[in-house]
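*Asks:* sequence plus the predicted model coming up.
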Amino acid sequence: MGSYAGEMGVLNKKNLKMKLPFCFAAIFLILSLSGIELEKRILLDNKIEILLPKDFNVMPEEMRKLKYPSTNAPKLVLSDENGTVNIAFSITNSKANQEVITAYLEVLDKTMSSAHPDAEWKGKGIEVINGKKVGYLKLNTKAIDQPIYNYLFFTDLDGKLLIGTFNCITKLAAEWMPVADEIVKSLKVL
């Protein structure tokens, strides 16, 4: 039985290697069919590079104040024309480096779980993206009018914690989740 399981493991790895190009092709096809064109942008005073939808612009101040009324509102919010799909960035005052990303994942996980006890979790973890550890949390939360898909991602930038948040209404999530993944996987700290 042990050798059969070992052989199956090898077969699965081979299958994965064979299927990997098809996965990339599928992601490209999804992005192409969705009509969402991504372009490289340099943001936050030339400190990060990231792919964003071509039609995203800085959210008007009035809309930003309505959507993010807290005193801890993000420094920069980009959005589609009607504000249903957003990506926001904040450079916090919290000290950070690559060694503490795991600790921040635990803290932010507990914070989000406490703030949204009825959230539907879609994933959490840490990935190395362009040479940097990036923590992430994916979850659906309830809002006043309809549920929201949230993709929170974070890393260190100039000794501080950089937090990015992608969100959209959940009825658009199937279309936008693969796009959000591509956005986050393109993040480069310059």
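*Replies:* Received the coordinates, thanks.
*Asks:* who's in contact with Phe163?
*Replies:* Quick fix: residue 163 is Ile, not Phe. 74, 89-90, 92, 152-154 (CB atoms under 8 Å, 6 or more residues apart in numbering). Quick note: C-beta positions are derived from backbone N, CA and C, even for glycine.
*Asks:* can you classify it as helix, strand or coil?
*Replies:* strand (DSSP: H, G, I helix; E, B strand; the rest coil).
*Asks:* all helices of this protein, in order?
*Replies:* Using DSSP state H, the helices found in the chain span residues 2-34, 61-67, 101-115, 173-185.
*Asks:* confidence-wise, which of those is weakest overall?
*Replies:* Mean pLDDT is lowest for helix 2-34 out of the helices of the chain, coming in at a mean of 44.
*Asks:* what residues are up against Asn72?
*Replies:* Contacts for Asn72 (CB under 8 Å, 6+ apart) come out as Ser90.
*Asks:* distance check, it against Ser94.
*Replies:* Note on Asn72: its distance to Ser94, by CB to CB, to the nearest Å, is 11 Å.
*Asks:* could you export stretch 99-117 as CSV, CA atoms only?
*Replies:* Extracted in CSV, the C-alpha atoms of stretch 99-117 (Å, rounded to 0.1, in the frame of the first residue of the first chain):
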residue,chain,number,x,y,z
GLU,A,99,9.9,38.4,9.9
VAL,A,100,6.6,39.6,11.4
ILE,A,101,4.2,39.0,8.4
THR,A,102,3.1,35.7,10.0
ALA,A,103,2.4,37.4,13.3
TYR,A,104,0.4,40.1,11.4
LEU,A,105,-1.6,37.3,9.7
GLU,A,106,-2.6,35.9,13.1
VAL,A,107,-3.6,39.4,14.4
LEU,A,108,-5.5,40.4,11.3
ASP,A,109,-7.3,37.0,11.2
LYS,A,110,-8.4,37.5,14.8
THR,A,111,-9.4,41.1,14.2
MET,A,112,-11.5,40.2,11.1
SER,A,113,-13.0,37.2,12.8
SER,A,114,-14.0,39.3,15.7
ALA,A,115,-15.4,42.2,13.6
HIS,A,116,-17.2,39.8,11.2
PRO,A,117,-18.2,36.7,13.2
